[in-house]
Each structure stands twice: as C-alpha cells, then as structure tokens.
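A.B. asks: Got a sequence here, can you model it:
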Amino acid sequence: MTPVSSGYADVNGINLYHEIYGEGQPLVLIHGGLTTIGEMQGWVRPLAQTRRVIAVEMQGHGRTADTERPMTFATMGDDIAALLDSLKIPQADLVGHSFGGASAIRAAIQHPDHVRRLVVISSPHARSAWYPETQEGMSQVGASLAENMMQTPTGKFSTHWPEPQRFPQFLDKFGKMMSEHYDWSAEIARLPMPVLLVFADNDSVAQKRIAEFFALLGGGVREPGWLNTQLSKSRLRWCLVTATTT
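C.D. replies: Just a heads-up that it's a prediction; the model follows:
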C-alpha cells in the first residue's frame, strides 16, 4: 500500500520516520519491539479506508536511526506528542502493540490533551504483569544478540542508518528499558479518555492481570445496572487467537 506521504520529523533529538495513509480522523499506529511499519501493513490497510493513519517507527526501529539519546518509555511518549505537533495535529487516536502499547500509554499519561482515544494491544499496566518467562526474555535483549538480531526487520534497516555500528548499542539500551520495573496503575486510573484494551486468549500477560488493568479504568468493578448506567467508558476485548508479543 502506497502512503499519501512519508518523511522524518525532528523531535527530541531524533529523526522520527513516519508514513501517512488515507484520510479522516487521525490515528497514530505504533509497532511492537524490533518491528517496523512493514509488519503493520495488515492493520494499515483496513484502518486507512476510513482514517488518516500515521504509522511511525520509534527510536532505533526501522528508518528511525538510534542516536546517543537514552531510551525510556517516557521519552517514547513525548516523541509521539512531538510528532503530532510537527504535523499540526492537535489530537489523535493512539493504537500501540506491545512495546508500542507501552509508548502509547505513556503518551496518553503525559499528554492527555493530544489523545482522543487510546487502544492498547498486548501491553500491561505494570512490568510484573508479564509472565515471568516473558520478563526474562526481555531482560536478555542486548548487544550479545546483535548477530542474530540482524535478521529482524529493525536489524536489516540498521545497515542503512548513518551509523550502522550503533545497532548493538541500541539493543543494550532497548533491553535495559524493557528490563526496568514500572507500574503505571495510579496514572492509568486518572486517564480522561476512553481506552480499549485488546488481548489474546493466550497472550504474554496473565488474564488476571489483564482484568486488573481493566479495573483501573473502572471496568468490571461493579454491577452495571439494568440500564447500563454505570458502565465504564473503556472496554476490554479478548480475541480468540494465539498471539506472541515482542
């Protein structure tokens, strides 16, 4: 699918690559870890039929080269808001998968005025909500895996960075970020916008922890009443598929 436009936005010390598809209410689509826009085309196509889709490649992913800048989820959230500012889009819906979901959560927490609706796919409210095996796998990402990681979409694109030798360092930073403890429960409970949580029936997050996430948004914590007068404005969707998360 050919984008309407594509390019780089100079935001917070990096050149953030993005592509825009379709027309309509703006929607920012954020990929999972070590993937790129190319792996999201199956999502872009249907969404772009009715929406203006801004697909982005985050720091160190795809065509957005890594720099000396540290990596934190807070910084990723700021990057999304800065991208919208650069495109002169006052508010958009955010859709993020896994690592992208965490980035979208931080953008919504830090810049709620920029986010109309938030969709989080396979990403929890706290690091402890990932299964232990998933947490261990995330912690193992680092420069020692650079040779194998060169086969990932991001690894292949890194050969075209201005400094392709930075890829192992990027993996160290990425692994460090994915290893750090976080629990955003209090901030998530204060989010003003509607939130849609999407998880698979066999995901990398325990179902009881998914229910905890939904409860933070006011979901499933009380009898809704015959007229549904007490329903949360947020929603939870469990998909009957097996999903892997990066």
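
A.B. asks: When you work out contacts or count neighbours from here on, use the C-alpha atoms and nothing else.
C.D. replies: Noted.

A.B. asks: Got phi/psi on M150?
C.D. replies: Note on M150: its backbone torsions stand at phi -60, psi -20 [degrees, to the nearest 10].

A.B. asks: Show me what the helix or strand harbouring E147 packs onto, helices and strands only.
C.D. replies: Assigned by DSSP states H and E, E147 falls within helix 146-149. In terms of contacts (3 or more Cα pairs under 8 Å, 6 or more residues apart in numbering; DSSP states H and E), helix 146-149 is packed against helix 167-179.

A.B. asks: The helix it packs on packs against which elements?
C.D. replies: Short answer (3+ Cα pairs under 8 Å, 6+ apart): helix 167-179 packs on helix 132-139, helix 146-149.

A.B. asks: hmm, who's touching the shortest one?
C.D. replies: For helix 146-149, contacts defined as Cα atoms under 8 Å, 6 or more residues apart in numbering pick out 155, 167-168, 171.

A.B. asks: Just say helix, strand or coil for the residue positioned nearest the centre of the chain.
C.D. replies: By Cα atoms, centre = their mean, the chain has its centre lying nearest to G100, at 1.3 Å. At G100 the chain is in helix, as set by DSSP: H, G, I helix; E, B strand; the rest coil.

A.B. asks: The residue nearest to D113 when sequence neighbours are not counted - how many residues pack around it?
C.D. replies: Once flanking residues are discounted, D113 sits nearest to Q91: 6.9 Å by Cα to Cα, 6 or more residues apart in numbering. Look at Q91: counted by other Cα atoms under 10 Å, it has 19 neighbours.

A.B. asks: With the one 4 residues further on instead?
C.D. replies: Neighbours of V95 under the rule other Cα under 10 Å: 22.

A.B. asks: what's the spacing between whichever strand or helix holds it and its chain's center?
C.D. replies: Applying DSSP H and E as the criterion places V95 in strand 92-97. The chain centroid and the centroid of strand 92-97 are separated by 7 Å under Cα atoms, centre = their mean, to the nearest Å.

A.B. asks: switch to numbering from 589
C.D. replies: Will do, 589 is the new start, and the previous item becomes strand 680-685.

A.B. asks: what pairs with that strand, and is each one parallel or antiparallel?
C.D. replies: strand 614-618 (parallel), strand 703-709 (parallel) (DSSP bridges).

A.B. asks: Can you check which of these gets nearest to V592?
C.D. replies: strand 614-618 (13.2 Å; Cα to Cα).

A.B. asks: Let me see the residues that make contact with that closest one.
C.D. replies: 639-646, 677, 679-685, 688-689, 691-692.

A.B. asks: Now a ChimeraX select for only the buried ones of those.
C.D. replies: A single ChimeraX command selects the buried members of the contacts of strand 614-618 (16 or more other Cα atoms under 10 Å):
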select :639,640,641,642,643,644,645,646,679,680,681,682,683,684,685,688,689,691,692
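
A.B. asks: where along the chain do the helices fall?
C.D. replies: 629-635, 661-674, 687-698, 720-727, 734-737, 741-746, 755-767, 773-776, 795-804 (DSSP state H).

A.B. asks: of these, which approaches L785 most closely?
C.D. replies: Nearest of these (Cα to Cα): helix 795-804, 7.4 Å.

A.B. asks: Output the contacting helices and strands for that closest one.
C.D. replies: Counting by 3+ Cα pairs under 8 Å, 6+ apart, helix 795-804 packs on helix 773-776, strand 783-790.
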